[in-house]
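Visitor: have a look at this prediction, sequence included:
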Amino acid sequence: METQGKTIGMSKKSDAEWKHSLTPEQFEVLRRKGTERPFTGQYYQTNSSGHYLCAGCGQKLFSSGEKFDSGCGWPSFYDVTDPEAIKTEDDTSLLMKRVEVLCSSCEGHLGHVFEDGPAPTGLRYCINSVALTLESDQGESE
């Protein structure tokens, strides 16, 4: 089955296969649920026009039109391009309750979603830059 030109079911890759296809930083975040340091990610202050794709599988996740500066240190979006592109799970790590955001195609960890975002959704998808690839409106990837 294909979506956004990528194969679904990539979560069945072995750790060795993921390590071969991802950078060490991407592997730590996407496969080990790590977090990049705030205010350091490539897309934190990017204002380029385009779509943000999952760095693990290329599925389209967010649009630059949904991006806003939340001041949290990570790229923030108030909505997803397609609700089917993500899934969420409760995250009780670090002695707090959060909602984890995962790519629905490869099940890569993207970040977390909070209910303190702007209208119209009131949501703040706080996403690791390293979990994303920006495809500009001209079709080029950054």
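Guide: It's in. The model shown is predicted, which means the values in this text are computed figures rather than measured ones.
Visitor: could you use CA atoms for every contact and neighbour count after this?
Guide: Noted.
Visitor: next structured bit after the longest helix along the chain?
Guide: Secondary structure of the chain read by DSSP state H shows that its longest helix is helix 15-21. Using DSSP states H and E, the next helix or strand after helix 15-21 towards the C-terminus is helix 24-26.
Visitor: of all the residues in that next one, which ones are buried?
Guide: Residues of helix 24-26 classed as buried by neighbour count (16 or more other CA atoms under 10 Å): 25-26.
Visitor: what does it contact?
Guide: Contact with helix 24-26 is made by 55-56, 130-131, as judged by CA atoms under 8 Å, 6 or more residues apart in numbering.
Visitor: list of residues touching stretch 117-126?
Guide: 70, 72, 74-79, 101, 111-116.
Visitor: go again with 6 Å.
Guide: By CA atoms under 6 Å, 6 or more residues apart in numbering, the surrounding residues in contact with stretch 117-126 are 74, 76-78, 111-116.
Visitor: V29: which of the residues you listed is nearest?
Guide: Of all the contacts of stretch 117-126, the one sitting nearest V29 is G111; the distance, using CA to CA, is 8.6 Å.
Visitor: quickly list what the closest one is bridged to.
Guide: Note on G111: beta-bridge partners by DSSP bridges are V101, I127.
Visitor: distance of it relative to K67?
Guide: Here the criterion is CA to CA, to the nearest Å. By it, G111 lies 14 Å from K67.
Visitor: next one: L30
Guide: 20 Å.
Visitor: find the residue at the geometric middle of this structure.
Guide: Nearest to the mean C-alpha position of the chain, by CA atoms, centre = their mean, lies L110 at 3.7 Å.
Visitor: in strands only, show me the contacts of stretch 117-126.
Guide: With strands taken from DSSP state E, the overlap with the contacts of stretch 117-126 comprises 76-77, 111-114.
Visitor: hang on, the earlier thing: now which of the contacts of stretch 117-126 would you call buried?
Guide: Buried by 16+ other CA under 10 Å: 74, 76-78, 111-113, out of these.
Visitor: many thanks, we can stop here.
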